[in-house]
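Undergrad: sequence and computational prediction follow.
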Amino acid sequence: MTTFTHEQIQLLLDENCCHECEGVGRDKVCVRIEAIAELPSRFGDFHIVAFSNNHDDKEHVAIIKGEVLEAENVPVRLHSECLTGDVVGSLRCDCRDQLEGALRMIGGMDKGIVLYLRQEGRGIGLTNKIRAYSLQDQGLDTVEANLALGFRDDERDYAVAAHMLMSMKVSSIKLITNNPKKMQQLTEHGIRVVDRIPHIMEPNEHNRFYLETKVVKSGHMIDFHGKEHLAEQSDRPIVQGMSEDQIHKFYD
Ligand SMILES: [Zn+2]
Ligand SMILES: [Zn+2]
């Protein structure tokens, strides 16, 4: 199965090398496709697309399965980079479970896209995120640590994501998210979002605390070490087996 033919790749690269536009959103974000290559992985056969942009020097990427050019109803997941979670498997957050869940889901579909956005620690960077962790270690509560961690700039995330999807000429998407409100944000940036696919992770020894009612209190996530998790992805986790009640608590 081919995601892109060589001709399509060349066409996309040729078009993008001179691409300029008014930009998307408040920050007038504009991105360009810089490179495309095959990326076989343990989750499936993907292509990876590297982007540059006019706003930060971050190298955002799209991980693509199947034919997405001018395609309708393409399942799309937005993931924010988390070095400690994605790479090291940190248990201070659920980023790795969320990422693996998305890659596994899309790897099993005939088409889909994971946009891997390089905004570590909600855009404040790795060092500041580790500072926030350190504050928690010293006993600060989640509210204080969250203040230290900063609040993610959702508007910017969705502008970058929307333009990346436009660059890949995706006609319409199904957003893989547990938060219905997220569909609206991409729509506002000009993406046709036709449906939502719930993002439900498989239970494992690391996320089982989400399944236990006592650790989901008024939307806060407390792990089995008694530490509160900071929400590093823009989506709250839903693990197979969680009750409706627990899920609602995340979104109250
Ligand atoms: Zn542009
Ligand atoms: Zn994380």
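TA: Done, it's in. Ligands and ions are numbered 1, 2, ... in the order given.

Undergrad: phi, psi of residue 230?
TA: The phi/psi pair for residue 230 (degrees, to the nearest 10) reads phi -90, psi 140.

Undergrad: how close does it sit to residue 89?
TA: Note on residue 230: its distance to residue 89, by CB to CB, to the nearest Å, is 16 Å. Using the backbone N, CA and C atoms, a C-beta is placed for each residue, glycine as well.

Undergrad: after the lowest-mean-pLDDT helix or strand in the chain, which helix or strand is next?
TA: Using mean pLDDT, DSSP states H and E, helix 142-149 stands out as the lowest-scoring helix or strand of the chain, at a mean of 68. Using DSSP states H and E, the helix or strand that follows helix 142-149 in sequence is helix 154-167.

Undergrad: spell out the secondary structure type for residue 225.
TA: coil (DSSP: H, G, I helix; E, B strand; the rest coil).

Undergrad: tell me how many other residues crowd it.
TA: By other CB atoms under 10 Å, the residues close to residue 225 number 9.

Undergrad: what do you get for the one 4 residues further on?
TA: Residue 229 has 19 neighbours, counted by other CB under 10 Å.

Undergrad: which element is the closest residue to it other than its chain neighbours on?
TA: Spatial nearest neighbour of residue 229, chain neighbours left out: residue 221 (4.1 Å); criterion: CB to CB, 6 or more residues apart in numbering. Residue 221 is part of strand 220-222, with elements assigned from DSSP H and E.

Undergrad: who are the packing partners of that strand?
TA: Where contact means 3 or more CB pairs under 8 Å, 6 or more residues apart in numbering; DSSP states H and E, strand 220-222 is packed against strand 228-229.

Undergrad: can the strand it packs on be found next to ligand 2?
TA: No - against ligand 2, strand 228-229 shows no contacts by CB under 5 Å from the ion, the least distance being 8.9 Å.

Undergrad: could you do stretch 77-85 as well?
TA: Yes - using CB under 5 Å from the ion, we find that stretch 77-85 touches ligand 2 at 82, 85.

Undergrad: what about that stretch, how long is it end to end?
TA: Start-to-end span of stretch 77-85 (CA to CA, to the nearest Å) is 17 Å.
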